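Peer 1: Show me the folded form of this:
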Amino acid sequence: MQFSERRNTTRWIIITISFLIVSLILWNTYTFFQIFKKEERLKMNLWASAQKTLINADENTAVDLPLEILSNNSSIPIILTEKNHIINTINIDESFGLNTTSTHKILDRLKKENDPIVIEYAPGNFQKLYYGNSDLLNKLKYYPIALLLIIFLFGLLVYNFYKSTKVATQNKLWAGMAKETAHQIGTPLSSLIGWVEILKADEVDESITLEIEKDIARLETITDRFSKIGSIPTLENKNIITETFNTYNYLQSRFSKQIEFHFEAPEIPIYIAINPILHGWTIENLVKNAIDAMKGKGVLILKIENGTDGVKINVSDTGSGIAKKQFRTIFEPGFTTKKRGWGLGLSLTKRIVEEYHKGKIKVLKSEIGVGTTIQVSYKIKS
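Peer 2: Have a look, this model is predicted:
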């Protein structure tokens, strides 16, 4: 508990420090932008003074410095107007010309970027100097956005890493719990096998011991399933029709007679690489899910089809149906419509089908109040 609290405290300290650092960077960037903008304003005031000096210059006035100031501006776009007419442009494409539509559009943009500088070169006579932001200033303006985008992407990367690490830890935990469960079941199971032998020796009704042996075999299968969670299963080239029917037949004999079972499959065997134990678990989960959806009464059809693109197993029911928006979420861990249960059946089925057997599982079709068909498909390797 203390370790968990310490880890959470450390995490929040890191997040707070990171937020402060980012805030400081953004504030400094904004401050630098404003300082740079003021410096450009001062440059334009100096440029305006040089322009005024040139306008009022006579033969005895030194114009070397004003000319140098005017010629040194190579980055800031300038439009000079007098009586609403454009009389000169600096750092603007000369092909636009003066007093053209294109140049006036640029002038409108410059008016929005900065207030004009008025050059009064004689009483009642003045010019207006409109200027825009330099390329450097424009790039600097978008720097905070780029910085925030980088921080966002970095945060997303860290979150994904943290989430994947958490999921991996949870998977290891569940795998460990599953293996431990299998180990714990093994002890009473061995004892039950011994008791069956004693019952046989006492010549108890054979039908009783036969049913007990079936359930013991079932428990051994369940133990074998749990022991395989988290491990790479061994795949065998099996007839998928036979393996599917064995599980179907076992479940049919143990559910209510109010469920009408139907099994449809080709007469020709279909051999694919599967793990029989885990495949049986897949079929059991799908059949039980269908029976739960029908609330123990209805029609269940298990159909196997052999197509050119592989084998498909369809499990159909006449249950309550699934909303289209839930077609994907029903396979997520924790999703359940029942009052009891952890919602792990279909998520385990998805893992068995897609991770262990490299197949696919999906809701083929469903209609509220009519029923659902879930399809499992496997590719047949030639």
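Peer 1: buried residues in stretch 300-313?
Peer 2: By 16 or more other CB atoms under 10 Å, the buried positions in stretch 300-313 come out as 300-302, 304, 310-313. (C-beta placed from N, C-alpha, C; glycine too.)
Peer 1: brain fart, stretch 314-326
Peer 2: For stretch 314-326, by 16+ other CB under 10 Å, it's 314-322.
Peer 1: what's the answer for stretch 202-215, then?
Peer 2: For stretch 202-215, a neighbour-count test (16+ other CB under 10 Å) marks 209, 212 as buried.
Peer 1: before we move on, back to that, just the ones in strands from the buried residues of stretch 314-326, please.
Peer 2: Among the buried residues of stretch 314-326, the residues falling in strands (DSSP state E) are 314-317.
Peer 1: hey, where'd the helices end up in the stretch 251-382 of the chain?
Peer 2: 276-293, 345-351 (DSSP state H, counting those that start in this stretch).
Peer 1: Surely residue 296 touches residue 256?
Peer 2: Yes - Residue 296 lies in contact with residue 256 (CB atoms under 8 Å); the separation is 5.2 Å.
Peer 1: Give me the distance between residue 379 and residue 206.
Peer 2: 45 Å (CB to CB, to the nearest Å).
Peer 1: likewise residue 151?
Peer 2: In terms of CB to CB, residue 151 sits 74 Å off from residue 206.
Peer 1: Can you tell me the centre-most residue of the protein?
Peer 2: Central residue of the chain (CA atoms, centre = their mean): residue 160, 8.8 Å from the mean position.
Peer 1: tell me which element that one falls in.
Peer 2: In the assignment (DSSP states H and E), residue 160 maps to helix 135-201.
Peer 1: Now for the buried residues of stretch 300-313: which two are most distant?
Peer 2: Using CB to CB, those span at most 23.1 Å, a distance reached by 300 and 310.
Peer 1: any idea of the mean pLDDT for stretch 207-215?
Peer 2: Across stretch 207-215, the average pLDDT comes to 78.
Peer 1: what's in contact with it?
Peer 2: For stretch 207-215, contacts defined as CB atoms under 8 Å, 6 or more residues apart in numbering pick out 192, 196, 199-200, 250.
Peer 1: Redo these as JSON lines? Include neighbour count and pLDDT.
Peer 2: Below are the contacts of stretch 207-215 laid out as JSON lines (neighbours: other CB atoms under 10 Å; pLDDT from 0 to 100):
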{"residue": "192", "neighbour count": "16", "pLDDT": "77"}
{"residue": "196", "neighbour count": "17", "pLDDT": "77"}
{"residue": "199", "neighbour count": "16", "pLDDT": "80"}
{"residue": "200", "neighbour count": "13", "pLDDT": "78"}
{"residue": "250", "neighbour count": "17", "pLDDT": "85"}
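Peer 1: Tell me the one among those residues nearest to residue 91.
Peer 2: Nearest member of those to residue 91, counting by CB to CB, is residue 250, at 84.8 Å.
Peer 1: Do I have it right that the closest one meets residue 218?
Peer 2: Yes - using CB under 8 Å, residue 250 is in contact with residue 218, at 7.3 Å.
Peer 1: Can you find the helix or strand in this structure with the smallest mean pLDDT?
Peer 2: Every helix and strand of the chain was ranked by mean pLDDT, DSSP states H and E. The lowest is helix 64-72, at a mean of 57.
Peer 1: And the next helix or strand past that helix?
Peer 2: strand 78-82.
Peer 1: And the next helix-or-strand element following that following strand, what does it pack against?
Peer 2: Going down the chain from strand 78-82, the next helix or strand is strand 85-90, by DSSP H and E. Packing partners of strand 85-90 (3 or more CB pairs under 8 Å, 6 or more residues apart in numbering; DSSP states H and E): strand 78-82, helix 101-113.
Peer 1: Next, the angle from the last one to strand 85-90.
Peer 2: Between helix 101-113 and strand 85-90, the angle formed by their directions is 80 degrees, by axes from the mean of the first three to the mean of the last three CA atoms, to 10 degrees.
Peer 1: Could you dump the contacts of stretch 207-215 into TSV with distance to residue 36 added?
Peer 2: Shown next, in TSV, are the contacts of stretch 207-215 (distance: CB to CB, whole Å):
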residue	distance to residue 36
192	83
196	89
199	93
200	95
250	79
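Peer 1: Nearest to residue 75, out of these: which one, please.
Peer 2: Of these, the one sitting nearest to residue 75 (CB to CB) turns out to be residue 250, at 82.3 Å.
Peer 1: Now do the same contact list for the closest one.
Peer 2: 214, 218.
Peer 1: Is it within a helix or a strand, and which one?
Peer 2: Going by DSSP H and E, residue 250 is in helix 240-252.
Peer 1: Quick one: distance of that helix to the chain centre.
Peer 2: 37 Å (CA atoms, centre = their mean, to the nearest Å).
Peer 1: and if you look at stretch 221-238?
Peer 2: The answer for stretch 221-238 is 30 Å, by CA atoms, centre = their mean.
Peer 1: hey, C-alpha coordinates of it in PDB?
Peer 2: Backbone C-alpha positions of stretch 221-238 (Å, rounded to 0.1, in the frame of the first residue of the first chain) are rendered in PDB as follows:
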ATOM      1  CA  THR A 221     -10.100 -30.500 -19.600                       C
ATOM      2  CA  ILE A 222     -10.800 -27.300 -17.700                       C
ATOM      3  CA  THR A 223      -7.600 -27.700 -15.800                       C
ATOM      4  CA  ASP A 224      -5.700 -28.200 -19.000                       C
ATOM      5  CA  ARG A 225      -7.200 -25.000 -20.400                       C
ATOM      6  CA  PHE A 226      -6.200 -22.900 -17.500                       C
ATOM      7  CA  SER A 227      -2.700 -24.300 -17.600                       C
ATOM      8  CA  LYS A 228      -2.300 -23.200 -21.200                       C
ATOM      9  CA  ILE A 229      -3.200 -19.500 -20.500                       C
ATOM     10  CA  GLY A 230      -0.200 -17.300 -21.000                       C
ATOM     11  CA  SER A 231       1.800 -20.100 -22.800                       C
ATOM     12  CA  ILE A 232       2.200 -20.800 -26.500                       C
ATOM     13  CA  PRO A 233      -0.100 -23.700 -27.200                       C
ATOM     14  CA  THR A 234       0.800 -26.700 -29.300                       C
ATOM     15  CA  LEU A 235      -1.200 -26.800 -32.500                       C
ATOM     16  CA  GLU A 236      -2.200 -30.200 -34.000                       C
ATOM     17  CA  ASN A 237      -3.600 -31.000 -37.400                       C
ATOM     18  CA  LYS A 238      -7.100 -32.000 -36.400                       C
END
